[in-house]
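> Kindly generate the corresponding structure for this input.
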Amino acid sequence: MSGIIASTSAGRVQGTRSDGIAVFKGVPYAAPPTGDRRFRPPAPLEPWEGVRDALSLPPSCPQPSARPQGWPQEPSLDEDCLYLNVWTPGVDDGGARPVMVWIHGGGYAIGSGSWPLYDGERLARRGDAVIVSLNHRLGPLGFLHLASIAGEEFASSGNNGMLDLVAALEWVRDEITHFGGDPANVTVFGESGGGAKISTLLAMPAARGLFHRAVVQSGPALRVTSERRAEKAARGLLEELDIDEANLSALWDLPAEALVATTGGGLSRMGFTPVLDGEVVPRHPGDALADGTAADVPLLVGCNRDEGAGQLPRDLDDAGLRERLTVYGADHVEEIITTYRDVFPDASPLDLYSYVLTDSRMRYGSIRMAELHSTGTTSPTFLYLFCCELAGRAGHGYEIAYHMDNLGQTATQPSASRQALADAMSDAWLAFARTGDPNHAGLPDWPTFDLDRRATMYLDRPECVVHDDPESPTRELWARLLDRPKSAPAATKAATA
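Next up, the predicted model:
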């Protein structure tokens, strides 16, 4: 590897070259949100003298160590976490390449943009594109709603983690030409919590014009937290930490580790999320899509066949299936089973339970997002279902290695058919970033989604296939059960882990 220097408005940074790709790791995009800046919006960078090293992955936001099975721990944690990474084929070469900004998953509580699975080198080389990943504030550091407790100065505190994303996109707008990218052609893409964050960005006035295409993978967040619930979580945190409202300064004295260990009064580690505060997030994302106030950008949205694979029991019989489905209401169990057995006559009870989890928690929300976008905006909508299995299931997050062309970063055994799917998917994501249309020569024609045809691309091996309104009885079932006012049980909320 050899060194390479790029200029930014705050100062110069030194990265490395890897097989023709320039790599910059740990480039700051905002001032450290530490000390008095805790719970405040991101502040502008202060310039530096000389050349700053951008050679190592940056620290992740402080976060709980508990995480889903198989998820790695972060290599380092620090409240000073507002950094990004860039992979680019050219620096200051006049290139106007499409820019793809990856927003990581983990809900709003864990994760980072520094995982090997998210490495953008292969995608940048494959598509002559600029790939960016980033870290931002999580948990109470990014989403503690103090507006009614600490005053107007902290009106945005419940959405500071989202404003960090806006600050990163502003950095891309202002600086990416130095890294060979086109600031007028920026795609945000993300999975799970990353997809949910993109759903929210679509509804944020501050993000308008900072990105031009959006990919929401297994994260169709059509609603955000109410101020009432956010305030309850904030007061629960104060009670848990034994901090009186008359002594709020103690919030700034606590180490970050103590803050992120709290649960918001028992609301769980996912209790701190974006807030419908009327200003930073003035509309629920679903409402903004429906009424046309969401950013009018092309949308690629979808999920995986077995989103709940990590939560499945080892085996399940008919009685166990019925028992587990009571969470949707005892009076709906037979309707659910009959509908799914008609659509999947050869499926086992465990298969049916997996499909129910996926459809109720993620797939119906993805379809609903496609419906709202296709009717509420003038930009094209594309819908997919990822079906390629690992150990018998197409689980949550399994698609990332394919569209990032990073199969070597997973436990997946390499094969010609898996790489062929990775080729098809990464080229589709790149084509969408370049033109707003995922079609390319390696895929069958992928029509835009509309309410008549409901075209859905099944991404699978040995081939990808388009289906029109697939498994429609299940879609219609969840439209009846989930769209009734106040009827959706907690178990049906879209997962963002």
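> where does this protein have low pLDDT?
Residue ranges of the chain with pLDDT under 70: 1, 263-271, 484-497.
> Would you point out which residue is most central in it?
By CA atoms, centre = their mean, the mean C-alpha position of the chain lies nearest to residue 194, the distance being 1.2 Å.
> ok, that one - contacts?
102, 103, 104, 105, 217, 219 (CB atoms under 8 Å, 6 or more residues apart in numbering). All C-beta atoms are positioned from the backbone trio N, CA, C, and that covers glycine.
> go on, residue 459?
Residue 459 touches 384, 385, 386, 387, 388, 399, 402, 421, 424, 425, counting by CB under 8 Å, 6+ apart.
> ok so, going back, ok, and the closest non-adjacent residue to the residue nearest to the centre of the chain?
Nearest residue to residue 194, sequence neighbours excluded (CB to CB, 6 or more residues apart in numbering): residue 103, at 3.9 Å.
> The one you found reaches residue 165, doesn't it?
Yes - look at residue 103 against residue 165 with CB atoms under 8 Å: they come within range, at 6.6 Å.
> Give me the common contacts of the two.
Counting by CB under 8 Å, 6+ apart, the residues touching both residue 103 and residue 165 are 134, 197.
> Give me the neighbour count for residue 353.
21 (other CB atoms under 10 Å).
> Check which helix or strand it maps to.
In this structure, residue 353 sits in helix 349-358 according to DSSP states H and E.
> Tell me how far the residue of the chain positioned farthest from its centre lies from residue 150.
Most distant residue from the mean C-alpha position of the chain: residue 246, 36.9 Å away (CA atoms, centre = their mean). Residue 246 sits 12 Å away from residue 150, going by CB to CB, to the nearest Å.
> swap in residue 457?
Residue 457 is 47 Å from residue 150, by CB to CB.
> out of those two, which sits in the busier spot?
Neighbour comparison, residue 457 and residue 150: the larger count goes to residue 457, with 27 against 18 (by other CB under 10 Å).
> part of a strand, is that one?
Yes - per DSSP: H, G, I helix; E, B strand; the rest coil, residue 457 lies within a strand segment.
> partner residues bridging the closest residue to it other than its chain neighbours?
Closest residue to residue 457 apart from its sequence neighbours, by CB to CB, 6+ apart: residue 384 at 4.5 Å. Legend: beta-bridge partners of residue 384 under DSSP bridges are residue 302, residue 457.
> show me the contacts for residue 384.
300, 301, 302, 456, 457, 458, 459.
> Could you tell me the angle between the top helix by length along the chain and strand 455-459?
Looking across the chain with DSSP state H, the single longest helix is helix 416-435. On the basis of axes from the mean of the first three to the mean of the last three CA atoms, to 10 degrees, helix 416-435 is oriented at 140 degrees to strand 455-459.
> From the contact counts, what lies against helix 416-435?
If you count contacts as 3 or more CB pairs under 8 Å, 6 or more residues apart in numbering; DSSP states H and E, helix 416-435 packs onto strand 97-103, helix 121-127, strand 181-191, strand 213-217, helix 400-403, strand 455-459.
> Direction included, what does the third one pair up with?
Spelled out, it's strand 181-191. strand 97-103 (parallel), strand 213-217 (parallel).
> Please tabulate those in CSV and include distance to residue 329 and mean neighbour count as additional columns.
Shown next, in CSV, are the strands paired with strand 181-191 (distance: least, CB to CB, whole Å; neighbours: other CB atoms under 10 Å):
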stretch, distance to residue 329, mean neighbour count
strand 97-103, 34, 26
strand 213-217, 28, 27
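> Residue 60 is nearest to which of the ones you listed?
Nearest to residue 60, of all the strands paired with strand 181-191, is strand 97-103, at 13.9 Å by CB to CB.
> Any idea how far that closest one is from the middle of the chain?
Here strand 97-103 is found 14 Å from its chain centre; the criterion is CA atoms, centre = their mean, to the nearest Å.
> What residue spans form the domains of the protein?
Domain assignment for the chain, taken from automatic domain parsing, gives 2-260, 298-492.
> Tell me which of those sits most buried.
Highest mean neighbour count among these (mean count of other CB atoms under 10 Å): domain 2-260, with a mean of 20.
> Need the contacts of residue 459 in TSV (columns: distance to residue 482).
Listed next are the contacts of residue 459 as TSV, based on distance: CB to CB, whole Å:
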residue	distance to residue 482
384	21
385	18
386	22
387	23
388	27
399	24
402	29
421	31
424	32
425	29
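> Quick check: the two most widely separated of these?
So, those by CB to CB: farthest apart are 385 and 424, at 14.2 Å.
> Could you grab the helix/strand/coil label for residue 141?
Criterion first, three-state DSSP; result for residue 141: helix.
> Could you tell me which residues make contact with it?
For residue 141, counting by CB under 8 Å, 6+ apart, the contacting residues are 33, 38, 39, 61, 62, 79, 160, 161, 256, 259, 260.
> Check the gap between the spatially closest residue to the second one that is not a sequence neighbour and residue 39 for me.
The shortest distance from residue 38 to any residue that is not its chain neighbour, by CB to CB, 6+ apart, is 5.7 Å, and that residue is residue 252. As for residue 252, its distance to residue 39 is 8 Å (criterion: CB to CB).
> pretty sure residue 274 is touching residue 281, no?
Yes - contact status for residue 274 versus residue 281: in contact at 5.6 Å, counting by CB under 8 Å.
> More neighbours: which of those two?
residue 274 (29 against 24).
> Could you pull up the contacting residues of the nearest residue to residue 191 once chain neighbours are set aside?
Closest residue in space to residue 191, ignoring its immediate chain neighbours: residue 217 at 4.0 Å, by CB to CB, 6+ apart. When contacts are counted by CB under 8 Å, 6+ apart, residue 217 touches 189, 190, 191, 192, 194, 195, 301, 302, 303, 399, 400.
> which of the residues you listed lies closest to residue 415?
The closest of the contacts of residue 217, once distances to residue 415 are taken by CB to CB, is residue 399, at 16.4 Å.
> Report the spatially nearest residue to that closest one, omitting neighbours in sequence.
residue 386 (4.2 Å).
> Return the set of buried residues in stretch 282-293.
283, 284, 285, 286, 287, 288, 289, 290, 293 (16 or more other CB atoms under 10 Å).
> In three-state terms, label the spatially closest residue to the second one that is not a sequence neighbour for me.
Which is residue 284. In this structure, residue 284 finds its nearest non-sequential neighbour in residue 223, 4.7 Å apart by CB to CB, 6+ apart. Using three-state DSSP, the structure places residue 223 in coil.
> Now for residue 223: which residues touch it?
Contacts of residue 223 by CB under 8 Å, 6+ apart are 284, 285, 286.
> didn't the first one look like it was pressed against residue 200?
No - counting by CB under 8 Å, residue 284 sits too far from residue 200 to count as a contact (9.2 Å).
> what is in contact with those two at once?
Joint contacts of residue 284 and residue 200 (CB under 8 Å, 6+ apart) are residue 224.
> hang on, the earlier thing: what bridges to the residue nearest to residue 194?
residue 190.
> quick one: contacts for it?
Applying CB under 8 Å, 6+ apart, we find residue 103 in contact with 113, 134, 165, 188, 189, 190, 194, 197, 198.
> Ok, residue 65 next?
Residue 65 touches residue 73, counting by CB under 8 Å, 6+ apart.
> Against residue 411, how distant is it?
Distance from residue 65 to residue 411, by CB to CB: 22 Å.
> what does residue 128 give?
For residue 128, the distance to residue 411 - CB to CB - is 30 Å.
> shouldn't residue 51 be in contact with residue 15?
No - the criterion here is CB under 8 Å, and residue 51 misses it with residue 15 at 10.4 Å.
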